[in-house]
Structures are given as C-alpha cells and as structure tokens.
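Q: pasting the sequence and the predicted coordinates here, then a few questions.
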Amino acid sequence: MDIKTVQGRFKNEGLSFLTITLPSFGKDFQKSLDNGLVDRNSFQGFSWRNGLPKFLSGFLSLVFDRDTGVLLPDPDIDAILAVRQLTLIFSKILLPCSQEREEEAMSGFVQCEQEVRYNDSLMTNKDYDEFYRMSSLLFAPILAKMDSDVYHSRLMPKHGPGATADKLRGNSKYRQRTWTDRLERVFPSGDFLFPSVSHYAEHYDGLTFLEPGSELPVRVISVPKTQKTPRIIAIEPTAMQYAQQAVLEPLVAYIEGDSLLSQLIGFSDQLPNQQLAESGSRSGNLATLDLSEASDRVSNQLVRTMLRNFPHLHEAIDACRSRRADVPGHGIVRLAKFASMGSALCFPIEAMVFLTLTFLGIEQELNTRFSSRSALKQYTGQVRIYGDDIICPVDSVYSVVSSLEHFGARVGAAKSFWIGRFRESCGKEYYDGHDVSIVKVRRLFPYTRKDVPEVISLVELRNQLYLAGYWSTVRWLDDVIQEILKYFPYVHQSSPVLGRISYLGLYDQGRWCEHLHSPLVKGYVVSSRLPVDKLDGCGALLKWFLKRGNLPFADRDHLERSGRPRVVDIKPGWYQPY
C-alpha cells in the first residue's frame, strides 16, 4: 500500500511529491525521534490511523507505539534508516525552482537584510561590550598576528577559478586594472596588481580607481539546492575576491595552528563534527544545532565589534567587504550583513562569530564569566563549529540558542536536535550511536551518454548505494546504466574509470599495460579541456610571483588555457582499474 500511495500521489502531484512532500515527512519523522513522540500537527498531507500516519505505518510502528505515538524503549534502527532513506532520497536533487519560488527567495534575501538592520537597532552597548569581551578572549592572539601582518604588508593575494561580478575568468583576472579607493589604502595597487614598480609605472595610466559610491556591487544569483527553494549566493567583484583571499589564507592558518581554536573550529575537515554528533547521539549530552540563512544573518556590526581593537586588520577586512548587492527584481541594496556566501571571508568570519555567541550562551547558563583562555579548554570535545553546524553541551543548549538568536541568528528547529537520541552534523546522521545516514539522488537520470553530468551522478549514486548495502537497487541500476554506457567495468574506488565498485575485487581485465605490466580495463573517464585564455608579459610574471610553494605549476599550459571548463565529456579508453 505504501508503494501504491507513492505511485498514485506521484502521478497526481508530479515530481514535487518526491522532492517536497516526502522530504517534509522525513523531517517530521526526525523531529519526532528527537521529541520522543509523534505530534498530531506533524506529517501534514497524510491520513492517520490511531497514533501514527497510515503511510509507512509498518516501519513507523517499529519505532513508535502504534496507539499512542510514543517512542518505543528500543526502536528498530533499521526501520529508522528505512524511513529516512525512503522519504529523503530526493530531498537534495538539483532541479530548478519555479519562477515564483525564485522571486520569493530573492524577496527573502531583501527581507533578511531588513531583519538584520532591525536587530542591529535593538543591540545595546552592553551587548556589544559582552560580544567584544568574549571574542577577544577567544581570538585576540590570532587577531594581533593578523593586525601585524596587515601593518607590515605581509599579505599575499590569490585569484580563484570561480566566477566574478565583473565576469573576468581564468588568466584574465591577472590583467585586471580596476581597483577601489578603499582597497588602495590597505592593499596598494602597485603591490597587488603588478609584479614590480617598473610595471606599475608603465601601466599606471590604465588603472581605474573607484570611489565607494561607484564600486561594483556583488551580483546576487540563485543556484539549485532543492525544488522547494534555491540557494542564494553573491558573486564578488574580482578586486574584492582577490584581496579577500589575501586575508583568508593567514587567518585560517593561524586558527588551525592555535592549540585551543583548532579544537573548536573546523574549516576543511568535517570528521570531528561528525564524531561529536555520533557521541552526542549515544550519550545525549551534546546538541547539534543548524542555522537558517546563517551567513546572511551575521551582522557587520558584530564583525566591526570583534575587530575594533585591531585597527589595521579592521581596515583591511572592511576594505575588501562589498557594501552593496544587485538583487534581481529589487535593484541595488545596501548590505547590513557582513557577507553572503560567495565572499572568501564569509565562512571563517561566521564561524568566529558563532563560536563567540556559543560561549556567551554557556556563560549565561553557568551564570559566570570565563576569565582566561585556559578556562575554555574544558569545552574541547563539547563545543565545535563548522560553518553553521554547531555542537554544544545539552546542559547549555537553551542559553546558547537564546544567545544566537539575540544577536540575530536563526536556529533551524527542524534540523536542530538535543532532546532524544537523534543527531545530525556535517551531512552525517546518527541515532543512539548508530549511523543512519542515507544516500540521496542529486540529478535526474540521463537519457543518453551525452548527458554527462547526469551520467556521472548516476554512477556515483549506484556506487554509494552499493557501499550502503542496497544491492537489489544496485542490480537494477546496473541494468539502467548499461543501456547508456557501452563499457561499465568493475573497478576500485581509486580508479578514474566510471565503473562499478565491488567488494569482491573482480576486475574486468581486458589487457595488460606494456609499460607497468598491470591490468587495464576499458571504460569511460571524465574529460574536460580548459578554455583558451593566453597570458603573457606583466600578467604572466605576476601569476608566477603569486604561486604558492616551490613546485612548478601542475598544468604546463597554464599560460595558454585557464578557467573552469565550459564543457565536460566522457571518453572511452583503457585505464587501470585501481
């Protein structure tokens, strides 16, 4: 009957049943696990029988009492995993939203700005003093180092491969000749845009300096996230992103090299957060919090407060912060937030703000003040921030939530857990110490081999399901894939070939490599070619001076081709299976 329900509602409601309605069911299920009972206000759109929804009631009755909806003393872990897998498998599929949802998301961006401004108006001097006190306790040593680096001009900028608001790509970024007056005061164009003084003198007449009112705003766009709502990001101008990277690199290095902060904040490794979530699900003493619109709700006033005793760093970060955004349907909007996703400094700065607010909440719960950094060391293994994923002690969770929301953040109730034994952090979910993480479909299935992103995604889906033990589904997918790919061999996870991962270690050996005397299999590999973007002269020399490390450039043709590939293809050939 569950299968018939899905088939019937999919036929009548379309793909939104799989991508919106079922995921809502799954999120209500997770919240019911955390609350310890099924709320009658949950599972909207589904009929009920006694204390449970009829849909998936066979699984649900293995987790909750059929009559009362109360969580069973020993719920079936496999049933929990099954309900989550069945309802959330399409929750993150990359599909464009309707025009109405796109417009609603842009309106939400503007509304969020207004709420940040309103929350700023509610802050008192005491609030800012408390925030400054705690942020100094945590970050003063590394901020002092950063302040010295700015003062002594030790920052080194860097270009990334991504898009920019002025639409410069690849090697073209090394030929940029637009700078801002704000940047010039901290990041002199002669040092940042040219390899030497002689080149600066030669090209000075071609430079354009923008006053604050003439600066290019960030370009706000939407990218697919779920069919319910898109993800809103802001594309920074080349000059701003270039300078932001100069601040980012030493800031992250100092935090990761600090004996205390490295245990409290993560930037590249999600595993510690996941391990703490597992521990919290087993012991119940750690909460996992998730913030909604996290970066868009970090007020610039908080960042200014955190940096107010470090004038050189303060000026540098303010200089490379974009002040305005071009929002489709709303025009140019002045920003009260520090930065949206898209700024290189968004991720580390928001983590620093959230860590500060977390410890302010812990202080509030304990009705005390931490007087030294050593007093904070007892919370290593109990507090950790990775972006907007926050882990804190359950004993202090209500005070932490209050602190976060008092300073403008918004805790997502549907994805924050601390009452029961369910925990989630950084893409992993646990119940009572058991891993109940699921596999998700990311793209629609391909029709032909030319649907390259869909083909790659389908092979990844097949292999993730195999590793998760859904072997019947894998056999079905193998038949689907083999209708599209002529060659689909068994390979190891380390192989570049789009093939089938197997625990059995059986490779479809077709021939031997005459050079390495190792087996080869025939299969498809992802192939891409960087766009032509020639760079010479002053720009090429600048690129060389900005290179990190002593090794040569990985791509020998980096002065001929650069940027992100515009086309990705898959091509057959003979390759190693491991």
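A: Looks like it came in fine. Given the structure is predicted, the values throughout are model-derived calculations rather than measurements.

Q: CA atoms for contacts and neighbours, from now on please.
A: Noted.

Q: give the contact list for the nearest residue to L81 once chain neighbours are set aside.
A: Using Cα to Cα, 6 or more residues apart in numbering and skipping residues adjacent in sequence, the residue nearest L81 is V436, 5.1 Å away. When the contact criterion is Cα atoms under 8 Å, 6 or more residues apart in numbering, the partners of V436 are 77, 80-81, 84, 428-430.

Q: please list the members of those residues that lie in helices.
A: For the contacts of V436, membership in helices holds for 77, 80-81, 84, with DSSP state H as the criterion.

Q: and those as JSON lines, adding distance to W418, neighbour count and pLDDT?
A: Formatted as JSON lines, the entries for the ones in helices among the contacts of V436 read as follows, by distance: Cα to Cα, whole Å; neighbours: other Cα atoms under 10 Å; pLDDT from 0 to 100:
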{"residue": "I77", "distance to W418": "18", "neighbour count": "16", "pLDDT": "97"}
{"residue": "I80", "distance to W418": "17", "neighbour count": "19", "pLDDT": "97"}
{"residue": "L81", "distance to W418": "19", "neighbour count": "19", "pLDDT": "97"}
{"residue": "R84", "distance to W418": "19", "neighbour count": "22", "pLDDT": "97"}
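
Q: dead centre of the chain: give me the residue that sits there.
A: If you average the C-alpha coordinates of the chain and look for the closest C-alpha using Cα atoms, centre = their mean, you land on G387, 7.4 Å from that point.

Q: right, and it touches A351 too?
A: Yes. With contact defined as Cα atoms under 8 Å, G387 reaches A351; the gap is 5.4 Å.

Q: got a list of what the nearest residue to R529 once chain neighbours are set aside touches?
A: Among residues not flanking R529 along the chain, P565 sits closest, at 5.8 Å (Cα to Cα, 6+ apart). Contact criterion Cα under 8 Å, 6+ apart gives 528-531 as the residues in contact with P565.

Q: ok, P565 to V526 distance?
A: Relative to V526, P565 is positioned 12 Å away (criterion: Cα to Cα, to the nearest Å).

Q: of the contacts of P565, buried ones?
A: Of the members of the contacts of P565, the ones counted as buried by neighbours, 16 or more other Cα atoms under 10 Å, are 530-531.

Q: now the contacts of P565 as JSON lines including pLDDT?
A: JSON lines is the format used below for those (pLDDT from 0 to 100):
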{"residue": "S528", "pLDDT": "88"}
{"residue": "R529", "pLDDT": "86"}
{"residue": "L530", "pLDDT": "88"}
{"residue": "P531", "pLDDT": "90"}
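
Q: so which of the contacts of P565 comes closest to E103?
A: Within the set of the contacts of P565, P531 lies nearest E103; the separation is 32.9 Å, counting by Cα to Cα.

Q: now do the contacts for that closest one.
A: If you count contacts by Cα under 8 Å, 6+ apart, then P531 has 561-566 around it.

Q: which strand in this structure runs the most residues?
A: strand 519-528 (DSSP state E).

Q: what does that one rub up against?
A: 487-489, 496-499, 507-513, 565, 567-577.

Q: what residues of it count as buried?
A: For strand 519-528, the buried set under the neighbour-count rule, 16+ other Cα under 10 Å, comprises 519-525.

Q: now do stretch 453-469
A: By neighbour count, and taking 16+ other Cα under 10 Å as the criterion, the buried residues in stretch 453-469 are 453-466.

Q: now intersect the residues you listed with the helices, please.
A: The helices, defined by DSSP H, take in 453-466 from the buried residues of stretch 453-469.

Q: of those, closest to F55?
A: Sorting these by how near they are to F55, with Cα to Cα, puts L465 at the top with 23.9 Å.

Q: Q85 reaches V439, doesn't it?
A: Yes. Using Cα under 8 Å, Q85 is in contact with V439, at 6.9 Å.

Q: who's in contact with K571?
A: Residues touching K571, when contacts are defined by Cα under 8 Å, 6+ apart, comprise 523-527.

Q: do the same with L461
A: Contact partners of L461, counting by Cα under 8 Å, 6+ apart, are 439-441.

Q: likewise R449?
A: When contacts are taken as Cα under 8 Å, 6+ apart, R449 is in contact with 455, 484-485.

Q: mean confidence for the helix of greatest length in the chain?
A: With DSSP H setting the assignment, residue counts place helix 125-151 as the longest helix in the chain. Model confidence over helix 125-151, given as mean pLDDT, is 98.

Q: neighbouring strands - and their directions - for the following helix or strand past that helix?
A: Under the assignment DSSP states H and E, the closest C-terminal helix or strand after helix 125-151 is strand 178-180. Partner strands and pairing direction for strand 178-180 (DSSP bridges) are strand 208-210 (parallel).

Q: would you mind listing the buried residues in the partner strand?
A: Neighbour counts over strand 208-210 (16+ other Cα under 10 Å) mark 209-210 as buried.

Q: who touches it?
A: Applying Cα under 8 Å, 6+ apart, the set of residues contacting strand 208-210 from outside is 177-181.

Q: still on that earlier bit, which one of the ones in helices among the buried residues of stretch 453-469 is nearest A325?
A: Among these, P453 lies closest to A325 (Cα to Cα), at 30.9 Å.

Q: distance-wise, check that closest one relative to E350.
A: 32 Å.

Q: and if you look at S527?
A: As judged by Cα to Cα, S527 and E350 stand 37 Å apart.

Q: go on, I255?
A: Noted for I255: a distance of 13 Å to E350, by Cα to Cα.

Q: picking that back up, any idea of the pLDDT on the residue nearest to R529?
A: Among the per-residue scores, P565 holds a pLDDT of 85.

Q: make sure F29 is indeed in a helix.
A: Yes. Looking at F29 with DSSP: H, G, I helix; E, B strand; the rest coil, it is inside a helix.

Q: residues touching it, list them.
A: F29 is in contact with 38, 43, 84, counting by Cα under 8 Å, 6+ apart.

Q: just T19 next, same as before
A: The neighbours of T19, taking Cα under 8 Å, 6+ apart as the test, are 90-93, 226-228.

Q: okay, these in a markdown table with pLDDT and distance to S121 next?
A: Written out in a markdown table, the entries for the contacts of T19 read as follows (pLDDT from 0 to 100; distance: Cα to Cα, whole Å):
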| residue | pLDDT | distance to S121 |
| --- | --- | --- |
| F90 | 95 | 41 |
| S91 | 93 | 37 |
| K92 | 92 | 36 |
| I93 | 92 | 39 |
| T226 | 81 | 33 |
| Q227 | 78 | 35 |
| K228 | 82 | 32 |
